[in-house]
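Colleague: Attaching a predicted model along with its sequence, questions to come.
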Amino acid sequence: MFFIIGDIWTIITVKLIGGVLRLAWFLTRTAFYLALFLILSAGIGVTALIRSRGRDDLAGTGEYTGDGLYWRDRSSGQFSHVHATQTEHCEVHGAERGMDFRRSTLSRLMRNPALFYCQFDAVTDGSGQVAAYVRFSRHARRGIHHLDDLDPQTAELETTDMNEPLVWAGDHESAAAALEQLDSILRARGWEHDGESGGHWYSRRYQRPVILWDQPVHAAEASAIPAPAP
């Protein structure tokens, strides 16, 4: 009898020790990820603050006048001449820009996949300059390597199962929302949608009359300029 009681007590003790060790490991892992998340958040916050210092969020936005001959900058009120016949074009390109470490830390803490930065760039024809860009994140998934996999037309193919090689739930919506945000920025800068290139689901094309930034309108001339188009 004493041997049976001793064996039961040994088993209970082993299980208790195992449970304590598992709990300690969980708490240590949680504390590590939270500390890493806080450190990365602080670093990214400071970097963003430095970069945003002195930056005007309305830079580049404005409107054409009713006759289409001038562009009025919204932040400064400065008018610029617009070319009478020439237009410029841009097309949306997409690419991954690396690991989103801050959000990945929190995502892994919740036992979800890590995340990658993705970016849509509106690249102008000829010069290759970026007229505007928008960043968003997608979850790292086995077999998902291209932004084409985030086509909203395939939004029903999503999962929250780590073992399924499908797009993670919500990633289609994030990509579509980023594309619409980029569209809003471009329109605020005078661009108009000009169809699709057909290369990718996000390959929208835009155009606008060429703004002659090096030909600002002098104050005397500006007083006679008609109001911007509504």
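Modeller: Received, thanks.
Colleague: List the residues that contact the residue lying closest to Ala169 once chain neighbours are set aside.
Modeller: Spatially, and ignoring its direct neighbours in sequence, Ala169 is nearest to Glu158 (4.5 Å; Cβ to Cβ, 6 or more residues apart in numbering). Heads up, the C-betas are built off the backbone N, CA and C, glycines and all. Listed by Cβ atoms under 8 Å, 6 or more residues apart in numbering, the contact partners of Glu158 are Leu166, Val167, Trp168, Ala169, Gly170, Asp171, His172.
Colleague: Do you know the pLDDT at the first one?
Modeller: Right, Leu166. As predicted, Leu166 sits at a pLDDT of 74.
Colleague: Hmm, it is touching Arg141, no?
Modeller: Yes. Counting by Cβ atoms under 8 Å, Arg141 is a contact partner of Leu166 at 6.8 Å.
Colleague: Give me the buried entries from the contacts of Glu158.
Modeller: Buried members of the contacts of Glu158, counted by 16 or more other Cβ atoms under 10 Å: Leu166, Val167, Trp168, Asp171, His172.
Colleague: and the second one, what are its bridge partners?
Modeller: Right, the one you point to is Val167. Glu158 (DSSP bridges).
Colleague: Make residue 1 into 36 and carry on from there
Modeller: Okay, residue one is now 36; in that scheme the one you just asked about reads as Val202.
Colleague: residues contacting it?
Modeller: Arg173, His174, Arg176, Ile179, Asp184, Leu185, Thr189, Leu192, Glu193, Thr194.
Colleague: Which segments of this structure make up each domain?
Modeller: 36-90, 121-246 (automatic domain parsing).
Colleague: Pipe these into TSV and attach distance to Val252 per row.
Modeller: Below are the domains of the chain laid out as TSV (distance: least, Cβ to Cβ, whole Å):
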stretch	distance to Val252
domain 36-90	25
domain 121-246	12
